[in-house]
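J.: Provide a 3D model corresponding to the input given below.
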Amino acid sequence: MQRPGKYDFINIHDHGSVPEEGLFTVENIMVHEDMYPVELDGIAYSCGAHPWNIDDGSRSEQLEKVKRYAGLPGVVALGEAGFDRLRGADPLLQEEVFVAHVELSEEYKKPLFIHCVRAWDELLRVHKQMNPSMTWIIHGFRGKPELAKQLLDKGFFLSPWVEWVIRPESTETLSTVPMDRLFLETDGFDIEIESVYRVVAEHLEVGVEMLRKQVWENFRALCGDKF
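T.: The predicted structure follows:
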């Protein structure tokens, strides 16, 4: 894996990514799938048991796989893991598996990507109970400014949902998010990450180059000096 500093843009969360000139990507492995974090130029990994794809029968196996991958140098973060009130496992099982991810995140000193749909009270309750030292990143965020502030006040980073971020109505929320708490992603959608940067730069009324450099600094701050 080459040093990410050799790349122009970083895509913090994607599915099905392949090496691409000028781009560094964090590919998300959902451990119910038959995927392994192989070494590729410009690709790092996060790994987690997604709340849509866990059940009592697979919980132990999936969590063991997360733990096995967590120690690999190419795995820079854990998750996505979290809560979904609309889809997936029983809420109690979702919470048990999420808590296990938090414990692994703390053990391996790696940030945690979070999937959360209409379950912010549950997420914030667990955050308060566990008081993590590692950073939690909300993947696919698309909330109101009030929710963004609540999460930012607790130390979260936000990575907006790509289909929301390109809409004009996202400006109100995005304008409240400090650039040093922001990531950008494509999440498997057929869109170039550079286009996402350009749209967000317009929302924030800053230059693309400034935004690009800041997102890199955010990534290095969370994932260490090797980047």
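J.: Around Glu205, how many other residues sit close by?
T.: Counted by other CB atoms under 10 Å, the residues lying close to Glu205 total 8. The way it works is simple: take the backbone N, C-alpha and C, and place the C-beta from them, glycine included.
J.: Span of stretch 199-212 from start to end?
T.: 12 Å (CA to CA, to the nearest Å).
J.: again, but for stretch 169-176
T.: So stretch 169-176: terminal residues 13 Å apart, CA to CA.
J.: who touches it?
T.: Arg142, Gly143, Lys144, Pro145, Ala148, Lys149, Pro160, Trp164, Val165, Val200, His203, Leu204 (CB atoms under 8 Å, 6 or more residues apart in numbering).
J.: Now do the third one, the pLDDT please.
T.: Just to be clear, that refers to Lys144. Here the pLDDT value assigned to Lys144 is 96.
J.: what about Ile114, which helix or strand?
T.: According to DSSP states H and E, Ile114 maps onto strand 112-117.
J.: Derive a PyMOL selection command for the buried subset of the contacts of stretch 169-176.
T.: To isolate the buried members of these in PyMOL, using 16 or more other CB atoms under 10 Å:
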select buried, resi 142+143+148+160+165+200+203+204
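J.: Distance to Asp190 and secondary structure added to the contacts of stretch 169-176, as a markdown table?
T.: Below are the contacts of stretch 169-176 laid out as a markdown table (distance: CB to CB, whole Å; DSSP: H, G, I helix; E, B strand; the rest coil):
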| residue | distance to Asp190 | secondary structure |
| --- | --- | --- |
| Arg142 | 19 | coil |
| Gly143 | 24 | coil |
| Lys144 | 27 | coil |
| Pro145 | 29 | helix |
| Ala148 | 27 | helix |
| Lys149 | 32 | helix |
| Pro160 | 17 | strand |
| Trp164 | 16 | helix |
| Val165 | 15 | helix |
| Val200 | 18 | helix |
| His203 | 21 | helix |
| Leu204 | 24 | helix |
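J.: how about Glu27, what does it touch?
T.: Asp14, His15, Gly16, Ser17, Pro37, Ile43, Ala44, Tyr45, Ser46.
J.: ok, those vs Leu72, which is closest?
T.: Closest approach between the contacts of Glu27 and Leu72, by CB to CB: Pro37, at 5.7 Å.
J.: sorry, back to before: kindly present the contacts of stretch 169-176 as JSON lines, with separate columns for distance to Leu92.
T.: Formatted as JSON lines, the contacts of stretch 169-176 follow (distance: CB to CB, whole Å):
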{"residue": "Arg142", "distance to Leu92": "26"}
{"residue": "Gly143", "distance to Leu92": "25"}
{"residue": "Lys144", "distance to Leu92": "28"}
{"residue": "Pro145", "distance to Leu92": "31"}
{"residue": "Ala148", "distance to Leu92": "28"}
{"residue": "Lys149", "distance to Leu92": "29"}
{"residue": "Pro160", "distance to Leu92": "29"}
{"residue": "Trp164", "distance to Leu92": "29"}
{"residue": "Val165", "distance to Leu92": "33"}
{"residue": "Val200", "distance to Leu92": "37"}
{"residue": "His203", "distance to Leu92": "38"}
{"residue": "Leu204", "distance to Leu92": "40"}
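J.: What is the nearest of the contacts of stretch 169-176 to Glu96?
T.: Gly143 (25.2 Å).
J.: Setting aside sequence neighbours, what's the nearest residue to Ala49?
T.: Sequence neighbours aside, Gln62 is the residue nearest to Ala49 in space, at 4.0 Å (criterion: CB to CB, 6 or more residues apart in numbering).
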